[in-house]
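1. sequence first, predicted model second:
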Amino acid sequence: MPVRKALSRRQSVGLVFVCTLLGAAGQILIKTGAKASATSAPWTTVSGVWTNLYTMATDPHLIGGYALYALMTVVFIFALRDEELSILYPVISLTYVWVAALSIWLFGESMNLPKLLGILIIVAGVGVLGKDGKK
Amino acid sequence: MTAHAAATPFQSMLLVGIASFFGSFGALYLKTGAAKLNLGLRYLILNGRLLLGVTLFVTSSLAYVVGIRHGELSVLYPLVSLGYIWTLLWSALFLKERITRNKLFGLLLIVLGIVLIGIGKS
């Protein structure tokens, strides 16, 4: 057996919390990159497809966004090592909270009652999960 | 609400449903693959389960991106949130994790929250 101290629940949930920040930032970058890399080249011709793919593969937003997704996956795997999936997976839903908030700030989306309630209820749900007794 | 449902193509609902299903299995394989890390960090790469998990996640997010393009988010977000329910089922079924009252109640709140954000974005 390797000498390694297992992460506490708080630490594992903390790692997934980091994942949700990385995921939200990634999602925003990908959304921005999708717009920035839109070309007038058609997807119906071979040269058009190459132009589009090349533009996407060299777009700094898309590269950054997917790099953050990759990093998020690695962090999530390390969190899963010591804690139950049924505790950690739902925590990922905090990504919705960050994306909803960032979309209002960056893309000028409007805040409304359902969104606000949704955000609060998700946070409450994650709180209830975190309070679950030990395995 | 029925007008919204009619504005959402069935293909979109199907794709988002498939995305939630694939994503939940992705999580399951990442979890079983993560256990192998205890044998050494090289198993972050040399790990069929993690590879399968990541492949399922990528497939899931592609289906999600295409599925979410058309239709009402108030219809599609509830389908997305199904992924959390599948994952709880697989955790109990394949990983023998206990479904506790807190897990159920917390999940219920999360699903409700996602549905509300979907309604707010529509």
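-> Perfect, thanks for sending it. Since the structure is predicted, the reported quantities are computational estimates derived from the model, not experimental observations. Residues are numbered from 1 along each chain as shown, chains lettered A, B, ... in the order given.
2. C-alpha from now on. contacts and neighbour counts both.
-> Will do.
3. and chain B, which of its residues are near chain A?
-> Proximity of chain B to chain A (CA under 8 Å from any CA of the partner chain) is limited to residues B:27-28, B:30-31, B:34-35, B:37-39, B:54, B:84, B:87-88, B:91, B:97-100, B:102-103, B:105-121.
4. now, those that are in helices?
-> Among the residues of chain B next to chain A, the members falling in helices are B:27-28, B:30-31, B:34, B:54, B:84, B:87-88, B:91, B:102-103, B:105-121 (criterion: DSSP state H).
5. list of residues touching stretch A:19-32?
-> Stretch A:19-32 is contacted from outside by A:61-62, A:64-69, A:71-73, A:75-76, A:92-96, A:98-99, A:102-103, using CA atoms under 8 Å, 6 or more residues apart in numbering or on different chains.
6. what subset of the residues you listed is also close to chain B?
-> Contacts with chain B within those, as defined by CA under 8 Å from any CA: A:Thr73, A:Ser93, A:Tyr96.
7. the second one touches B:Leu112, doesn't it?
-> In other words, A:Ser93. No - counting by CA atoms under 8 Å, A:Ser93 stays clear of B:Leu112, with 11.3 Å between them.
8. neighbour-wise, which of the two wins?
-> A:Ser93 (24 against 20; other CA atoms under 10 Å in any protein chain shown).
9. contacts only, for that one.
-> So A:Ser93 contacts A:Thr20, A:Ile122, B:Ile110 (CA under 8 Å, 6+ apart).
10. any chance of those residues in CSV, plus neighbour count?
-> As requested, the contacts of A:Ser93 are exported to CSV (neighbours: other CA atoms under 10 Å in any protein chain shown):
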residue, neighbour count
A:Thr20, 23
A:Ile122, 29
B:Ile110, 29
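11. mind listing what B:Thr100 touches?
-> Contact analysis of B:Thr100 by CA under 8 Å, 6+ apart lists A:Asp132.
12. go again using 7 Å as the cut-off
-> By CA atoms under 7 Å, 6 or more residues apart in numbering or on different chains, the contact set of B:Thr100 is empty.
13. quick check: pLDDT value at it.
-> Listed pLDDT for B:Thr100 reads 93.
14. quick one: the helices in chain A?
-> So, for chain A - with DSSP H - the helices run A:9-36, A:46-57, A:60-80, A:85-91, A:94-107, A:113-130.
15. redo these as JSON lines? Include distance to B:Leu15 and mean pLDDT.
-> Conversion of the helices of chain A to JSON lines gives the following (distance: least, CA to CA, whole Å; pLDDT from 0 to 100):
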{"stretch": "helix A:9-36", "distance to B:Leu15": "19", "mean pLDDT": "92"}
{"stretch": "helix A:46-57", "distance to B:Leu15": "23", "mean pLDDT": "89"}
{"stretch": "helix A:60-80", "distance to B:Leu15": "21", "mean pLDDT": "94"}
{"stretch": "helix A:85-91", "distance to B:Leu15": "21", "mean pLDDT": "94"}
{"stretch": "helix A:94-107", "distance to B:Leu15": "19", "mean pLDDT": "90"}
{"stretch": "helix A:113-130", "distance to B:Leu15": "24", "mean pLDDT": "93"}
